[in-house]
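Engineer: Requesting a structural model of the entry that follows:
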Amino acid sequence: MLTQAQNQIIYLMFLNGILFLGLNFIAYSFVFPGPKGSKRIGYLFITCGLLAYLVQLMYQGLLALDYPPDKITGLLLSGFVVPVFFISLAYYRVKRNRMEKEPPTVLKENHD
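Structural biologist: Residues are numbered from 1 along each chain as shown. Presented below is the predicted three-dimensional model:
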């Protein structure tokens, strides 16, 4: 059986994973906004709201683990949210640039 602190840590890990996926989706939506009339921007706003709620839940979870309240915000923002978002944004920008520069490949068959 797990202790309350261990359950809290597992809960924070779960929230952290969901936050990671959401931040990747936001970065992807910035770089690849979709065609005109796409619903992706609407989903992006919904995702932003849900992720703000997740950060609040993580804040409460860290408070329950007796972290100092003045350091939790810095830990969440500079320790996870901002780096993951900017790394994801850079990744998708590099991916988009490679897709734009890559010429269409023509398969050549060798008939010897």
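Engineer: which residues touch the closest residue to Leu65 other than its chain neighbours?
Structural biologist: Counting by Cβ to Cβ, 6 or more residues apart in numbering, the nearest residue to Leu65 once its immediate chain neighbours are dropped is Gln8, at 5.6 Å. Heads up, the C-betas are built off the backbone N, CA and C, glycines and all. Going by Cβ atoms under 8 Å, 6 or more residues apart in numbering, Gln8 touches Gly61, Ala64, Leu65.
Engineer: try 10 Å
Structural biologist: Residues in contact with Gln8, defined by Cβ atoms under 10 Å, 6 or more residues apart in numbering, are Leu2, Gln60, Gly61, Leu62, Ala64, Leu65.
Engineer: can you list the weak-confidence ranges in this structure?
Structural biologist: 104-108, 111-112 (pLDDT under 70).
Engineer: on that earlier part again, please point out which parts of the stretch of helix or strand the residue nearest to Leu65 belongs to sit buried.
Structural biologist: Applying DSSP states H and E as the criterion places Gln8 in helix 4-31. By neighbour count on 16 or more other Cβ atoms under 10 Å, the buried set for helix 4-31 is 8, 12, 15, 19, 22-29, 31.
Engineer: do stretch 88-103 as well
Structural biologist: Under the neighbour-count rule (16+ other Cβ under 10 Å), stretch 88-103 has Ser88, Leu89, Tyr92 buried.
Engineer: Redo the contacts of Gln8 as JSON lines? Include distance to Phe45, neighbour count and secondary structure.
Structural biologist: Supplementary listing: the contacts of Gln8 in JSON lines, determined by distance: Cβ to Cβ, whole Å; neighbours: other Cβ atoms under 10 Å; DSSP: H, G, I helix; E, B strand; the rest coil:
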{"residue": "Leu2", "distance to Phe45": "37", "neighbour count": "9", "secondary structure": "coil"}
{"residue": "Gln60", "distance to Phe45": "24", "neighbour count": "12", "secondary structure": "helix"}
{"residue": "Gly61", "distance to Phe45": "25", "neighbour count": "19", "secondary structure": "helix"}
{"residue": "Leu62", "distance to Phe45": "26", "neighbour count": "19", "secondary structure": "helix"}
{"residue": "Ala64", "distance to Phe45": "30", "neighbour count": "13", "secondary structure": "helix"}
{"residue": "Leu65", "distance to Phe45": "31", "neighbour count": "12", "secondary structure": "coil"}
